[in-house]
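Trainee: here's a sequence, model it:
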Amino acid sequence: MNYIYELKMKVRDYECDLQGIVNNANYQHYIEHTRHEFLLSTGISFAKLHADGIDPVVARLTMAFKTPLKSGDEFVSKLYLKKEGIKYVFYQDIFRLPDMKIVIKSTVETVCLIGGRLSDSELFNQLFAPYLTE
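Mentor: Residues are numbered from 1 along each chain as shown. Okay, here's the model as predicted:
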């Protein structure tokens, strides 16, 4: 894959369930945090966007769970993106470190609300142009 961004993280004890593995809902937190950090790396703050009336939101999310993470595991969350109409689609995969075993494969379709209305975002079109994968 042509990943354009990656973020290393570590599993915290409270993210695990009684089975001793990361609860499935926490993977959504991991990939969301990765998208927010990606935005920050481009100079855009998610909070500033909201203050300016620009709200990127998740329209659809799919996750395929491959290998569970356990407390203390380190992992890397990677992403690349494509544009489909007015949607930006983030392809996000998580790999366990150090063996790089695939943990989850996810697809996150996002749309933009500008002033509360669904719209194409000129800001994101310009910002993401260098990162788009065909």
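Trainee: now the strand ranked longest in the chain, how far from the chain's geometric center?
Mentor: Identified as the longest strand of the chain according to DSSP state E is strand 101-114. With Cα atoms, centre = their mean, to the nearest Å as the basis, strand 101-114 stands 5 Å off its chain's centre.
Trainee: swap in stretch 59-69?
Mentor: Taking Cα atoms, centre = their mean, one finds stretch 59-69 lying 11 Å from the centre of the chain it belongs to.
Trainee: cool, stretch 41-52 as well?
Mentor: Per Cα atoms, centre = their mean, the centroid offset for stretch 41-52 relative to its chain is 15 Å.
Trainee: hmm, back to that, for the longest strand of the chain, name the packing helices and strands.
Mentor: Here strand 101-114 touches helix 24-41, strand 54-65, strand 87-97, strand 117-119, going by 3 or more Cβ pairs under 8 Å, 6 or more residues apart in numbering; DSSP states H and E. In short, each C-beta sits where N, CA and C put it, glycine included.
Trainee: burial-wise, tell me which of those comes out on top.
Mentor: For those, the largest average neighbour count (mean count of other Cβ atoms under 10 Å) is found in strand 87-97, namely a mean of 20.
Trainee: I'd guessed residue 78 sits against residue 1; true?
Mentor: Yes - shown here, residue 78 and residue 1 form a contact pair, counting by Cβ atoms under 8 Å, at 7.4 Å.
Trainee: where does the protein have low pLDDT?
Mentor: 133-134 (pLDDT under 70).
Trainee: can you do 80?
Mentor: Across the chain, residues meeting the criterion (pLDDT under 80) sit at 1, 133-134.
Trainee: most distant residue from the middle of it?
Mentor: Most distant from the centre of the chain: residue 18, at 26.0 Å, with distances by Cα atoms, centre = their mean.
Trainee: just list what the host helix or strand of residue 81 packs against, helices and strands only.
Mentor: Assigned by DSSP states H and E, residue 81 belongs to strand 74-84. For strand 74-84, the contact count by 3+ Cβ pairs under 8 Å, 6+ apart identifies strand 5-10, helix 24-41, strand 87-97, helix 122-128 as packing neighbours.
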